[in-house]
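Colleague: Have a look; sequence and predicted model below, questions after that.
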Amino acid sequence: MDSAKTTRRTVLAGVAAAAAFGLGTGTAQAETKGPKIGILLYDGFSLLDPTGPAEVLARLPGATVTMIAQERGPVRTDTRDVAVLAERSVAEVHRLDVLLVPGAGNRGTVAAMENPVLLDWIRRIHRHTTWTTSVCTGSLILGAAGLLRERATTYWASADYLEKTFGVRYVPERYVQVGKVVTAAGVSAGIDLAFHLASLLAGEEIARGIQLAVEYDPQPPFDSGDAAAASPELKALALKLLAESQV
């Protein structure tokens, strides 16, 4: 088969698919209006917390997903092996439809909870969001900003801290919605949160389409991801592995 024809056919198929979803190309795409989604990065965040949801939410028709930090530039994860680029500083972002705050190890979470610049920005953005969300210990940062009410979820090992510090009930679910605040459990639960948000923002059919597009069909080789069913020994090992991998 002629490679040039194949390439042209592939490109045209992509354009047709974009048109079917009401998307354009070039300038037209840039002018498409859709949800403005901002993901806050800070030193020591856990890599999947922002990138898992970004993979899903960036597929929403017309959506823009922007990584934001206190200052523009690369922001390192809790292992320091990987950095993600923050394209905007908090001083440059004044309104978002969706805010997502990821979690981190102890060092990153505590530093963010004690950072008045980040907390003040989160409060200001929250005033106008449609949805304010968190993944993992990001809920503790929302708590430090005064945004948690009634109940929430977080990383399983932080459940007691969440309840005692912020006076909310810990719910051991993949995600918990209270008003416009949606909190997700640890790390991988951010992907489930993202599909929930996708359905709220664009409808269940679009969310289902994105789920198939990214082939999200979890079938892990081990049945050991539920803290409620884990032995004390496995919990201790999990926390040890996390602590040893974080810098």
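Modeller: That came in fine, so what should we check first?
Colleague: Would you state the helices of this structure in chain order?
Modeller: Applying DSSP state H to the chain gives helices spanning 3-20, 27-31, 48-57, 106-113, 116-126, 138-144, 159-166, 189-202, 204-213, 232-245.
Colleague: What helices and strands are in contact with the fifth one?
Modeller: This means helix 116-126. Here helix 116-126 is seen to pack against strand 36-40, strand 98-101, strand 131-135, helix 138-144 when contacts are counted using 3 or more C-beta pairs under 8 Å, 6 or more residues apart in numbering; DSSP states H and E. Yep, even glycine has a C-beta here, placed from its N, CA and C like the rest.
Colleague: wait, which of those is closest to Asp120?
Modeller: Among the helices and strands packed on helix 116-126, helix 138-144 comes nearest to Asp120, with 11.2 Å by C-beta to C-beta.
Colleague: what separates the closest one from the chain centre, distance-wise?
Modeller: Between the centre of helix 138-144 and the centre of its chain there are 14 Å (C-alpha atoms, centre = their mean, to the nearest Å).
Colleague: repeat for stretch 95-114
Modeller: If you compare the mean C-alpha spot of stretch 95-114 with that of the full chain, they lie 10 Å apart, counting by C-alpha atoms, centre = their mean.
Colleague: Show me what counts as buried in it.
Modeller: Of all the residues in stretch 95-114, those buried under the rule 16 or more other C-beta atoms under 10 Å are 96-105, 108-110, 112-113.
Colleague: quick one on the thing from earlier: in TSV: the helices and strands packed on helix 116-126, plus mean pLDDT and distance to Met67.
Modeller: Putting these into TSV (pLDDT from 0 to 100; distance: least, C-beta to C-beta, whole Å) gives the following:
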stretch	mean pLDDT	distance to Met67
strand 36-40	98	5
strand 98-101	98	10
strand 131-135	98	14
helix 138-144	98	14
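Colleague: Save those as JSON lines, and put in distance to Lys180 too.
Modeller: Output for the helices and strands packed on helix 116-126, formatted as JSON lines (distance: least, C-beta to C-beta, whole Å):
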{"stretch": "strand 36-40", "distance to Lys180": "14"}
{"stretch": "strand 98-101", "distance to Lys180": "10"}
{"stretch": "strand 131-135", "distance to Lys180": "5"}
{"stretch": "helix 138-144", "distance to Lys180": "12"}
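Colleague: From Arg124, how far out is Cys136?
Modeller: From Cys136 across to Arg124, the span is 23 Å (C-beta to C-beta, to the nearest Å).
Colleague: Since that was my last question, I'll sign off now.
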